[in-house]
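> fold the following.
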Amino acid sequence: MASWLDIAFRRPPATTTPKQELQPPPQPPSPPPEVGMRKKDDFVGGSLPKGPDLTGAPMPPPLPDDLSNASPMPLPMLVPPERLPPLPPGAVSVQEPILTLDVAAQSVANKLADGGPSAASKRLANLVTDPRYPPGFADELLKAATPTLQAMANTLGERAGNGKLDDDKKDAHGKLNTTHETLKNLSTVANSVGPEGVKLLGQTLAAATPDKSELNQFDDKLAELKDEKMPGLDKLAGSLVTELEASGKGKAAKELRKEHTSLAELPPPSSPPAREWQWTPGRPLSEAHNAHSTNTRGDFNDAVKGKYNWLEGDVSMELNDTGRIEMRHDGTHEKGDNLTLTEWLNKGKELGTGLKLDVKDGAAFDHGFLEEVRAAGVPDGLLMFNYGFDEVRKQGPKTREMFPNAMIAINPPSEGTLQEKVDQMERLVASGEITQPVNFVFEYGSHPNTPEMVAQLQRLGPISIWRGNTFTGDSVENAENKLKDLGIAGMIDLKETALENPSRVVKEGIDKAVNVAVDIKEDPGKYVDKAKDKMKGAVNGVVDGLLNR
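Predicted coordinates:
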């Protein structure tokens with residue numbers, strides 16, 4: 001008889017073949033000798049400081065002196081199969097199976113051995129934000145992973161006490177941004193656990209934080225995350241301040257209080273104020289007004305002043321900070337201060353607008369892009385993931401599992417006639433390979449141009465249209481009317497044509513050319529041709545507009 005776990009994971013019933021026992025995960029190797037051994041007064045040995053309970057929650061159990069022999073926590077009840085999200089016919093789960101508590105905790109320890117605290121904290125954050133686990137799992141996992149958490153905190157404490165261990169240098173595991181990424185992931189954990197878990201995080205960090213007024217990049221990275229409005233940062237920093245003061249580490253607490261408060265002083269959470277230009281899930285996509293480019297701080301702020309209920313950003317890996325994700329359209333530097341993915345998500349979440357994520361760099365998926373979006377806590381109904389046709393086949397199933405109500409925007413394949421492209425996009429959804437809600441995205445001038453083609457796709461999801469500067473001499477108004485006459489029911493996002501505003505088009509081309517040129521010193525041959533292409537495109541845009549008048 002099949003168990004509910006077999007049903008949940010779509011496994012066949014057990015046969016008479018003897019079950020092969022899984023080997024226990026390898027134990028983490030002994031850590032390398034510490035660089036610059038800490039002084040006795042810098043850290044608290046043995047048990048973590050208890051401190052007063054300012055959260056209103058019961059105290060966590062005292063930590064044993066030898067954390068390696070800590071008793072495992074009781075296993076929580078796994079989520080029953082009827083609560084699992086449904087999969088389309090014939091599809092298999094692309095997420096890992098649900099793990100028991102001890103296996104999940106060991107997987108965090110393994111990540112620490114393989115990739116250090118930034119990798120281990122990311123693993124912990126991904127587990128506690130996975131909605132497939134039952135309520136209370138995050139707190140139990142944090143307790144079970146306490147030895148690993150303490151090892152992470154010790155590394156952070158060492159980096160706080162030794163300014164040579166900076167984030168722009170690789171750590172012992174070859175990772176950059178160790179302090180920033182670890183604190184960022186622990187903020188996600190703090191945002192997912194209850195008061196008892198938040199207290200445990202603060203205790204563990206406080207035990208490892210040196211009592212100094214100079215904490216090097218430690219307090220700087222906490223301040224950066226505060227500026228990015230990182231969810232859970234206020235709880236993490238507030239618990240740390242509370243426990244530092246409780247354990248008598250006044251110098252460190254005073255330094256952190258320049259930017260943060262204790263838990264007891266945190267204001268109660270409040271809902272963002274209602275705005276006229278918000279997006280309500282379920283509204284017809286034809287009512288969307290999209291700000292096409294909001295990657296930089298200036299562009300984002302300009303969009304907020306406009307009448308937009310959707311904000312679009314381009315997802316790329318950072319150029320100057322290896323391993324981090326930022327909002328950037330081009331493969332080279334752009335004019336302005338590009339927002340990080342975290343900051344862009346959190347600013348958009350506060351506004352309550354729809355957020356369209358156009359992935360320009362597929363490497364972002366390998367660096368936790370989807371997990372970072374989930375950690376931000378933006379409601380599914382306010383998210384749209386814009387993928388190329390090949391990318392949607394690779395990343396669409398996982399995206400749908402993680403965000404059941406998000407819109408997946410499908411772009412046409414690169415090869416074939418227009419009808420062949422429409423047929424392929426239709427089959428992708430009709431077969432259940434990618435499930436709804438979806439919309440089909442075309443560039444103006446390359447879109448379905450008959451009512452029959454429009455109806456073929458729109459039985460499955462609306463068609464959305466975008467346009468750059470150089471494709472027609474039509475005005476925006478005329479182009480929109482043509483699309484409405486065809487029955488287009490999705491988001492219409494058309495820029496001014498080159499004819500309507502030639503000076504703006506040329507200026508944009510010059511700006512891009514200049515931004516490319518700043519990198520010429522590093523690789524002249526690589527960037528000069530790109531700069532020429534940008535200028536040529538801007539000039540051709542004006543010419544095309546005049547010819548099509």
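> where does the prediction get shaky in this structure?
1-93, 272, 321, 468-473, 496-549 (pLDDT under 70).
> now do the contacts for the spatially most central residue of it.
Nearest to the mean C-alpha position of the chain, by C-alpha atoms, centre = their mean, lies residue 372 at 2.3 Å. Taking C-beta atoms under 8 Å, 6 or more residues apart in numbering, we find residue 372 in contact with 325, 341-342, 345. For glycine as for every other residue, the C-beta is placed from the backbone atoms N, C-alpha and C.
> next helix or strand past the host helix or strand of it?
Secondary-structure assignment from DSSP states H and E places residue 372 in helix 369-376. Next helix or strand after helix 369-376 toward the C-terminus (DSSP H and E): strand 383-387.
> check the offset of that following strand from the chain's centre.
13 Å (C-alpha atoms, centre = their mean, to the nearest Å).
> now the angle from that strand to helix 369-376?
170 degrees (axes from the mean of the first three to the mean of the last three C-alpha atoms, to 10 degrees).
> who does the helix or strand that strand 383-387 is followed by touch, helix- and strand-wise?
In the C-terminal direction, the helix or strand that comes right after strand 383-387 (DSSP H and E) is helix 389-402. Counting contacts by 3 or more C-beta pairs under 8 Å, 6 or more residues apart in numbering; DSSP states H and E, helix 389-402 is packed against helix 369-376, strand 383-387, strand 407-410, helix 418-430.
> among the ones you listed, which is nearest residue 295?
strand 383-387 (13.7 Å; C-beta to C-beta).
> report the angle between the axes of the closest one and helix 389-402?
Using the same axes, to 10 degrees: strand 383-387 against helix 389-402 is 150 degrees.
> CA atoms of strand 383-387 as PDB?
The C-alpha trace of strand 383-387 is given here as PDB (Å, rounded to 0.1, in the frame of the first residue of the first chain):
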ATOM      1  CA  LEU A 383       4.400  39.400  -9.800                       C
ATOM      2  CA  MET A 384       5.100  38.800 -13.500                       C
ATOM      3  CA  PHE A 385       8.200  36.800 -14.600                       C
ATOM      4  CA  ASN A 386       9.100  37.700 -18.200                       C
ATOM      5  CA  TYR A 387      11.100  34.900 -19.900                       C
END
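> quick revisit: want to throw the contacts of residue 372 into CSV with secondary structure?
Compiled in CSV, these are given as follows (DSSP: H, G, I helix; E, B strand; the rest coil):
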residue, secondary structure
325, strand
341, helix
342, helix
345, helix
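> can you lay out those as CSV showing neighbour count and distance to residue 446?
Converted to CSV, the contacts of residue 372 look like this (neighbours: other C-beta atoms under 10 Å; distance: C-beta to C-beta, whole Å):
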residue, neighbour count, distance to residue 446
325, 24, 29
341, 25, 29
342, 24, 34
345, 26, 30
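> farthest pair within those residues?
325 and 345 (10.2 Å).
> rewinding a little: how far off centre is the helix holding residue 372?
3 Å.
> same question, stretch 380-392
The answer for stretch 380-392 is 14 Å, by C-alpha atoms, centre = their mean.
> likewise for stretch 308-320?
On C-alpha atoms, centre = their mean, the centre of stretch 308-320 falls 11 Å from the chain's centre.
> just stretch 326-345 next, same as before
With C-alpha atoms, centre = their mean as the basis, the mean position of stretch 326-345 lies at 14 Å from the chain mean.
> compute the first-to-last residue distance for it.
11 Å (C-alpha to C-alpha, to the nearest Å).
> now do the buried residues in it.
By neighbour count with 16 or more other C-beta atoms under 10 Å, stretch 326-345 contains the buried residues 326-330, 332-334, 338-345.
> ok, so of these, who is nearest residue 441?
Distances from residue 441 to those, taken by C-beta to C-beta, are shortest for residue 329, at 15.8 Å.
> so the closest one touches residue 296, yeah?
No - taking C-beta atoms under 8 Å as the definition, residue 329 is not a contact partner of residue 296, at 9.9 Å.
> ok, so of the contacts of residue 372, who is nearest residue 145?
residue 342 (23.0 Å).
> not counting residues beside it along the chain, what's closest to that closest one?
residue 228 (5.0 Å; C-beta to C-beta, 6 or more residues apart in numbering).
> contacting residues for the one you found?
340, 342-343, 346 are the contacts of residue 228 under C-beta under 8 Å, 6+ apart.
> please enumerate the strands of the stretch 401-549 of the chain.
407-410, 438-443, 463-467, 492-494 (DSSP state E, counting those that start in this stretch).
> make sure residue 219 is indeed in a strand.
No - per three-state DSSP, residue 219 lies outside any strand segment and is helix.
> how close does the residue nearest to the centre of the chain sit to residue 275?
Noted for residue 372: a distance of 25 Å to residue 275, by C-beta to C-beta, to the nearest Å.
> next: residue 140.
On the measure of C-beta to C-beta, residue 140 and residue 275 end up 38 Å apart.
> check residue 424 too.
39 Å.
> same thing with residue 398?
Taken as C-beta to C-beta, the span from residue 398 to residue 275 is 32 Å.
> in stretch 199-212, which residues are buried?
For stretch 199-212, by 16+ other C-beta under 10 Å, it's 199-211.
> go through those residues and flag which are in helices.
199-208 (DSSP state H).
> now those in TSV, with distance to residue 387?
Formatted as TSV, those follow (distance: C-beta to C-beta, whole Å):
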residue	distance to residue 387
199	41
200	39
201	35
202	40
203	43
204	39
205	38
206	43
207	44
208	41
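> let's see the helix holding residue 372 as CSV, backbone CA atoms only.
Listed in CSV are the C-alpha atoms of helix 369-376, where the atom choice follows Å, rounded to 0.1, in the frame of the first residue of the first chain:
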residue,chain,number,x,y,z
PHE,A,369,17.0,34.7,-8.0
LEU,A,370,13.7,32.9,-7.4
GLU,A,371,14.5,32.3,-3.8
GLU,A,372,15.4,36.0,-3.3
VAL,A,373,12.0,37.0,-4.8
ARG,A,374,10.2,34.6,-2.5
ALA,A,375,12.1,36.0,0.5
ALA,A,376,10.9,39.5,-0.3
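> re the thing from before, tabulate the strands of the stretch 401-549 of the chain (TSV), appending mean neighbour count and distance to residue 125.
Converted to TSV, the strands of the stretch 401-549 of the chain look like this (neighbours: other C-beta atoms under 10 Å; distance: least, C-beta to C-beta, whole Å):
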stretch	mean neighbour count	distance to residue 125
strand 407-410	26	24
strand 438-443	22	29
strand 463-467	24	33
strand 492-494	21	33
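> now those strands in TSV, with distance to residue 393?
Below are these laid out as TSV (distance: least, C-beta to C-beta, whole Å):
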stretch	distance to residue 393
strand 407-410	9
strand 438-443	13
strand 463-467	19
strand 492-494	24
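> of all those, which lies closest to residue 291?
That would be strand 492-494 among the strands of the stretch 401-549 of the chain, by C-beta to C-beta, at 8.9 Å.
> check which helices and strands that closest one sits against.
strand 463-467, helix 476-486.
> what residues are up against the residue lying closest to residue 306 once chain neighbours are set aside?
Take residue 306 and drop its neighbours on the chain: the residue closest to it by C-beta to C-beta, 6+ apart is residue 291, 6.4 Å away. By C-beta under 8 Å, 6+ apart, the contact set of residue 291 is 299, 303, 306, 308, 310-312.
> max pairwise distance over these: which two?
299 and 310 (14.1 Å).
> how much space between residue 257 and residue 241?
Taking C-beta to C-beta, one finds residue 257 at 6 Å from residue 241.
> residue 164 now?
26 Å.
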